[in-house]
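> here's a sequence, model it:
(chains A and B)
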Amino acid sequence: MRLVNLCLMGLAALMTAWVTPVLAAEPLVVGTSNDLVKVTSHFTGRELLVYGALSQPGQVIVLLRSPAATEAMLRKTRTGPIWLTGAKVTVTGAPGIWEMLSSAPADQLLPLATRQLLGLDPDYLSRQACYRPEPADVAAWQQAFLKNKLRRRDYVVQSQGVHIEGGQLFSARMALPASLPLGRYTLDTFLVRHGQVVARQKQHIEVQQTGFQAWIARFASQDGWLYGIVLTLTLAAMGLGLGILMQRRLN
Amino acid sequence: MELFLPVAHMAVNIWLIIGFGLIVGFLSGLTGVGGGFLITPLLIFVGVPPLVAVGTGAAQIVGASAVGSYAHWRMGNVDMRMAFILLAGSWMGGLLGVHVARILDASGYFGLVVTFLYVGLLGFIGISMLVESTLAMRRGHHPGKHKKKARAGISWLDRLPWRMEFPVSGLRLSILAPVLLGFAVGIMAALMGVGGGFVMVPIMLYLLKMPTRVVVGTSLFQLLFTSAEVGILQAGMNHAVDPYLVLALVLGSIFGTQFGARLGALMRGEQLRLVLALVVMGVAIKMGLGLVIPPEHLYSMARVV
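As a prediction, this is how the structure comes out:
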């Protein structure tokens, strides 16, 4: 870990040394360990490294955000001695993955209005989402949505997640969970000073399914009927073939 | 080995799932009772969404019962006429059940309904097996005397219309009885992911009075095709059959069944059924506790189809 960190720092330093004379005006240079995340069957989460250099002192906020996702939520209610499923609400319009790492608590770096505007306030995100059918106590659902996302590590807030060394180099490690919505993620890096964003870098990270995983997931979701028939025949053949083989072996 | 399940949308250790197949197959080979009713609860316990657990449970029965059905069919233990009439009922039941599952899942109640059904069903199976096996163990010293004589024909069954000859079983019976029986089994396969042999076999034996020789073969043969229909419907309509889960379960259960059957031949049936009864009761109690213990989190995320 330490070694990787050091290497990255070195890389970033090299990059700045090389880039700085050319782009002397560029206040923020950002690189990532990968800009394409391939989701295969063995994908059970990954670390994404974000690193870069600052030409002026300040604090750094890194925000990774996936496209908006549709989620369903259930609430349990007590009826007599039994806990029943009371209601189901579908939540749309909130990002599936949202990770904010910063070098200091974000609420100390930027005023609330700015954070809301830049999508850096998780409470605001959960309030902006759309809840259908609209529950009577929507505020409770909003809070529960945020809590659930934070618990599942889909939403992450790390106020010490960005390390700044020597006032010039920074690095952050983001943990991508196993269940990733596919699509084009935005990675925003903000350089903040005196309660203001002085520089912003925007990048994209593609999350794609590849290989057999992509094929089978598409097959199962788009041609469900054909998939069902093929799978059932496969299972019958497998059961029959292996069963007969086993009986012969053991007899 | 962690694998990400493309339909269930979660990461799981695939050896654990193969292990489930192995254990359930082993128990089923040991005791002769199909283990479908244990697969679905186990999948739910590890966090598979209830509808996927049920759909995958039904589909794995196809693989688990294929070789047995084939063997019985070759030995001539299948009453084909009876099997097709049962299938007419069970395919209708399966179609209706999968629709009901879809509606329940969309409104968020499917998990709850499945839990209730399982607590009831497993409780019933567990208790009856417990009673049966303890009684059998007690009278184990006087074998051969406890066979009850067939009771006098049940009059309402004889009064049903549309009677038909079943030459293989040597019966003359209204087709309504097998159609209704099949219908009930089809609904159970769709809502619970079970084959329903534990319901079908006693009814065939004691109510329809089919000869023992054809009962197991016929019920196995029809449940192969019932679970095939339900599996296809669950995949096509509800996207609820996970390919990796189902392959791992079938792989495990085929091996487990063979070893279970070998070991079962060496052991006494009553003791084995007692073991299975205790396992079933344990699962029922665990599911039942989930209903009464206050949940850790009132709100939870669910699968979007």
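> quick check: mean pLDDT of stretch B:127-147?
With pLDDT averaged residue by residue, stretch B:127-147 scores 70.
> one more: stretch A:231-248?
Taken as a whole, stretch A:231-248 carries a mean pLDDT of 91.
> the stretch 51-200 of chain A against chain B: which residues are in contact?
Contact residues, the stretch 51-200 of chain A versus chain B (C-beta under 8 Å from any C-beta of the partner chain): A:70-76, A:78, A:81-85, A:87-88, A:90, A:141, A:144-145, A:147-148, A:151-152, A:178-179. Backbone N, C-alpha and C define where each C-beta goes, glycine included.
> just the ones of those in strands?
Of those, the ones assigned to strands by DSSP state E are A:70-76, A:78, A:82-85, A:87-88, A:90.
> of those, buried ones?
A:E71, A:A72, A:M73, A:L74, A:R75, A:K76, A:W83, A:T85, A:A87, A:K88, A:T90 (16 or more other C-beta atoms under 10 Å in any protein chain shown).
> ok, back up a step: can you pick out the most distant pair from the ones in strands among the residues of the stretch 51-200 of chain A next to chain B?
A:T70 and A:I82 (29.6 Å; C-beta to C-beta).
> for the residue in the stretch 201-305 of chain B that chain A sits nearest to, give me its contacts.
Here the stretch 201-305 of chain B gets closest to chain A at one residue, B:A235, 3.0 Å apart by C-beta to the nearest C-beta. By C-beta atoms under 8 Å, 6 or more residues apart in numbering or on different chains, the contact set of B:A235 is A:A220, A:G224, A:W225, A:Y227, A:G228, A:L231, A:T232, B:G55, B:A59, B:V241.
> let's go with 7 Å and repeat that
Contact analysis of B:A235 by C-beta atoms under 7 Å, 6 or more residues apart in numbering or on different chains lists A:G224, A:Y227, A:G228, A:L231, B:G55, B:V241.
> among the residues you listed, which are located in helices?
Those of the contacts of B:A235 mapping onto helices are A:G224, A:Y227, A:G228, A:L231, B:G55, per DSSP state H.
> neighbour-wise, which one of those leads?
B:G55 (33 neighbours; other C-beta atoms under 10 Å in any protein chain shown).
> and the stretch 1-150 of chain B, which residues reach chain A?
Taking C-beta under 7 Å from any C-beta of the partner chain, the part of the stretch 1-150 of chain B that reaches chain A is made up of B:2-4, B:6-7, B:9-11, B:59, B:62-64, B:66-67, B:70, B:107-109, B:111-112.
> and those, which of them are buried?
B:3-4, B:6-7, B:9-11, B:59, B:62-64, B:66-67, B:70, B:108-109, B:111-112.
> secondary structure class for B:V230?
Here B:V230 is helix, with the state taken from DSSP: H, G, I helix; E, B strand; the rest coil.
> quick one, what contacts A:T92?
Contacts of A:T92 by C-beta under 7 Å, 6+ apart are A:A68, A:T70, A:A129, A:C130.
> would you turn the ones in helices among the contacts of B:A235 into a markdown table with distance to B:M281?
Formatted as a markdown table, the ones in helices among the contacts of B:A235 follow (distance: C-beta to C-beta, whole Å):
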| residue | distance to B:M281 |
| --- | --- |
| A:G224 | 37 |
| A:Y227 | 37 |
| A:G228 | 34 |
| A:L231 | 33 |
| B:G55 | 26 |
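> which residues touch B:V283?
B:L38, B:P41, B:L122.
> low-confidence ranges, chain A, go.
By pLDDT under 70, the low-scoring segments of chain A are A:1-25, A:250-251.
> nearest spatial neighbour of the most centrally placed residue in it, skipping sequence neighbours?
Nearest residue to the geometric centre of chain A (C-alpha atoms, centre = their mean): A:I97, 3.4 Å. Leaving aside its chain neighbours, A:I97 sits nearest to A:S66 (3.9 Å; criterion: C-beta to C-beta, 6 or more residues apart in numbering or on different chains).
> and for the one you found, the neighbour number?
Neighbour tally, A:S66, other C-beta under 10 Å: 22.
> check whether it really touches A:P95, as I assumed.
Yes. If you go by C-beta atoms under 7 Å, A:S66 and A:P95 touch, sitting 5.0 Å apart.
> all helices of the stretch 101-250 of chain A, in order?
For the stretch 101-250 of chain A, the helices defined by DSSP state H, counting those that start in this stretch occupy A:106-109, A:112-117, A:122-128, A:138-151, A:211-222, A:224-250.
> B:M188: which element?
Secondary structure assignment for B:M188, by DSSP states H and E: helix B:176-192.
> show residues contacting that helix.
B:40, B:54, B:58, B:82, B:85-94, B:96-98, B:100-101, B:114, B:117-118, B:121, B:157, B:160, B:162, B:194-196, B:199-200, B:203, B:208, B:222, B:226-227, B:230.
> of these, buried ones?
If we count by 16+ other C-beta under 10 Å, the contacts of helix B:176-192 have these buried: B:40, B:54, B:58, B:82, B:85-94, B:97-98, B:101, B:114, B:117-118, B:121, B:194-196, B:199-200, B:203, B:208, B:222, B:226-227, B:230.
> ok, the nearest residue to B:K286 once chain neighbours are set aside to B:M10 distance?
Once flanking residues are discounted, B:K286 sits nearest to B:F45: 7.3 Å by C-beta to C-beta, 6+ apart. Using C-beta to C-beta, to the nearest Å, B:F45 is found at 13 Å from B:M10.
> show me where the stretch 1-150 of chain B has strands.
With DSSP state E, counting those that start in this stretch as the criterion, the stretch 1-150 of chain B has strands at B:2-5, B:10-13.
> the lowest-mean-pLDDT helix or strand in chain B: how far from the chain's middle?
When each helix and strand of chain B is scored by mean pLDDT, DSSP states H and E, helix B:155-159 comes last, with a mean of 74. Taking C-alpha atoms, centre = their mean, to the nearest Å, one finds the center of helix B:155-159 at 28 Å from the center of the full chain.
> what sits up against it?
Helix B:155-159 is contacted by residues B:A177, B:L207 when judged by C-beta under 7 Å, 6+ apart.
> just the CA trace of that helix, in CSV.
Extracted C-alpha coordinates of helix B:155-159, given in CSV (Å, rounded to 0.1, in the frame of the first residue of the first chain):
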residue,chain,number,x,y,z
SER,B,155,-67.5,-41.1,-1.4
TRP,B,156,-67.0,-37.6,-2.7
LEU,B,157,-64.1,-38.6,-4.9
ASP,B,158,-66.2,-41.3,-6.5
ARG,B,159,-69.1,-38.8,-7.1
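> all helices for the stretch 151-300 of chain B, in order.
B:155-159, B:176-192, B:197-202, B:212-238, B:243-264, B:269-292.
> switch the ones you listed over to JSON lines; also include distance to A:A199.
Shown next, in JSON lines, are these (distance: least, C-beta to C-beta, whole Å):
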{"stretch": "helix B:155-159", "distance to A:A199": "84"}
{"stretch": "helix B:176-192", "distance to A:A199": "58"}
{"stretch": "helix B:197-202", "distance to A:A199": "69"}
{"stretch": "helix B:212-238", "distance to A:A199": "49"}
{"stretch": "helix B:243-264", "distance to A:A199": "45"}
{"stretch": "helix B:269-292", "distance to A:A199": "52"}
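> A:Q213 is nearest to which of those?
Closest to A:Q213 of the helices of the stretch 151-300 of chain B is helix B:243-264 (C-beta to C-beta; 9.6 Å).
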